[in-house]
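Student: Using only what follows, build the 3D model:
(4 chains)
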2 protein chains.
Amino acid sequence: MTPETAQTRTPAQCAAVPSAVLDGPVSHAISRVSRLHRIVAGRLLRDLGLHPGQEFLMMHLWDSGAVRQSELIKAVGLDPSTVTKMLQRLEQSGHVRRRPDPADRRASLVEVTEASCGLFTEVSRAWGELERQTLDGLDDAERAELGRLLGKVEGSLCTAVARGGDAECTTALKGPIDC
Amino acid sequence: MTPETAQTRTPAQCAAVPSAVLDGPVSHAISRVSRLHRIVAGRLLRDLGLHPGQEFLMMHLWDSGAVRQSELIKAVGLDPSTVTKMLQRLEQSGHVRRRPDPADRRASLVEVTEASCGLFTEVSRAWGELERQTLDGLDDAERAELGRLLGKVEGSLCTAVARGGDAECTTALKGPIDC
DNA sequence: CCCCATTAGTTGGTCGGCCAAGGTAAAATC
DNA sequence: GATTTTACCTTGGCCGACCAACTAATGGGG
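Tutor: Presented below is the predicted three-dimensional model:
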């Protein structure tokens, strides 16, 4: 940081200050860890015929039974359009079924198919394996501490997002911090 | 976890066990934090005319001057095709210039344009702001601890990725852990 | 009762990101 | 020196994810 020392440098001099790409900021650690985490998750999930991210939706549906799509959207905290398209694909691959809500003609109810219930066990195991590989090398105290710190960071980012986007916190998962 | 208790439940009974979507696993905390982090980063970067992820590439280029594209790819640890397409867009928007490497006719050298150097300061400031918002609410000790733990997790995931993907660690950023 | 604001979902577009396959050039091997 | 192998990059395809704009239905206030 302290970018005041740099001020529109020439291309050659842009290399002068290393600008801390590698070390420092926790932000970059988060980005890198997240990417690696996603890759490992993708590998574990591929064998189950799911794309990374879908398992999150499925888990919510397995948990909650038939739900209004809007409820699901609020629960996972994703963009409505994202959920719509994911559900279209999950429906096409037979994991999910959608039908109109009799009580509200614009809403639709989403639920898991019987065929998909066999996947539940495998996804659970994959998540366990993912967690295991992620936390390999951390003792119990460190794991707890990491969870606690991530919770606080999530809270901070949550309020930051809320401040900018005027709406309430996107991560509607009522996690450790409700904001 | 302990998925043995579940075994192909009916759709109705899939809701029986909450399956720990919300709480527990650090994995989900990572996913959520990462998403929020990306959103905040996107907001900060949008004003600069950059899309999230591009700033990472640019920072590397500002740091290293003219580089072989393959070097850049190794440095950021992304898929070659991803970098190719990002560079095409960055070139079209005038932030980056590419020319063939005289020493190797299949390689190309990438460098930052003069016009883009003005962005450097702003991106640095945006990163600082991002870091500030991310770590808001954590004291110095917690920040250090979080960095340390994320480093360890990165190491674990790194080796996990390497094990499955046979190649060496993708995150070639010689970070805290070299794997 | 009608109009209007709100809510529910969808579509289109763009980007980051991955994989798989391909084409060209350099390097290694024979 | 010719052939195989490897490296460098590109293209196409797909998915997650965002935003913006749109349709359609609900519900509240004049």
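Student: list the buried ones in stretch A:84-101?
Tutor: A:86, A:87, A:90, A:95, A:96, A:97, A:101 (16 or more other C-beta atoms under 10 Å in any protein chain shown). For every residue, glycine as well, the C-beta is placed using N, CA and C.
Student: Show me which of the residues you listed is closest to residue A:141.
Tutor: The nearest member of the buried residues of stretch A:84-101 to residue A:141, counting by C-beta to C-beta, is residue A:86 at 37.1 Å.
Student: pLDDT below threshold where in chain A?
Tutor: A:1-24, A:164-179 (pLDDT under 70).
Student: Any residues of it in contact with DNA strand C? List them.
Tutor: Counting by C-beta under 7 Å from any atom of the strand, the positions of chain A adjacent to DNA strand C are A:35, A:39, A:42, A:68-70, A:73, A:80-81, A:84-85, A:87-88, A:98, A:101, A:104, A:106-108.
Student: go again using 6 Å as the cut-off
Tutor: Contacts of chain A with DNA strand C, taken as C-beta under 6 Å from any atom of the strand, map to A:35, A:39, A:68, A:69, A:70, A:80, A:81, A:84, A:106, A:107, A:108.
Student: check the residues you listed against DNA strand D, which are close?
Tutor: Applying C-beta under 6 Å from any atom of the strand to these, those adjacent to DNA strand D are A:81, A:106.
Student: I would like a ChimeraX command selecting only the buried ones among the residues of chain A next to DNA strand C, please.
Tutor: The ChimeraX selection below is limited to those of the residues of chain A next to DNA strand C classed as buried (16+ other C-beta under 10 Å):
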select /A:35,39,68,69,70,108
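Student: ok, the residues of chain A next to DNA strand C vs residue B:136, which is closest?
Tutor: Closest to residue B:136, out of all of those and judged by C-beta to C-beta, is residue A:35, at 23.4 Å.
Student: mind listing which of the residues of chain A next to DNA strand C are in strands?
Tutor: Among these, the ones falling in strands (DSSP state E) are A:68, A:108.
Student: of all the buried residues of stretch A:84-101, which two lie farthest apart?
Tutor: Once C-beta to C-beta is applied, those give A:95 and A:101 as the farthest pair, at 19.9 Å.
Student: those helices in chain A, which residues are they?
Tutor: Listed in chain order, the helices of chain A (DSSP state H) span A:26-46, A:54-64, A:69-76, A:80-92, A:117-135, A:140-165.
Student: Please identify the deepest-packed of these.
Tutor: Compared across these, helix A:54-64 shows the largest average neighbour count, a mean of 22 (mean count of other C-beta atoms under 10 Å in any protein chain shown).
Student: contacts for that helix?
Tutor: A:41, A:45, A:48, A:50, A:67, A:71-72, A:75-76, A:83, A:86-87, A:89-90, A:95-96, A:110-112, A:116-117, A:119-120, A:123, A:126-127, B:14-15, B:18-19, B:21, B:31 (C-beta atoms under 8 Å, 6 or more residues apart in numbering or on different chains).
Student: Keep only these that also lie close to DNA strand D.
Tutor: A:86, A:89.
Student: give me every residue that touches the spatially most central residue of chain A.
Tutor: By C-alpha atoms, centre = their mean, chain A has its centre lying nearest to residue A:53, at 7.0 Å. Residues in contact with residue A:53 (C-beta under 8 Å, 6+ apart) are residue A:86.
Student: Residue B:116 versus that one, what's the distance?
Tutor: According to C-beta to C-beta, to the nearest Å, residue A:53 and residue B:116 sit 33 Å apart.
Student: go on, residue A:41?
Tutor: 34 Å.
Student: Check residue A:151 too.
Tutor: Residue A:151 is 38 Å from residue B:116, by C-beta to C-beta.
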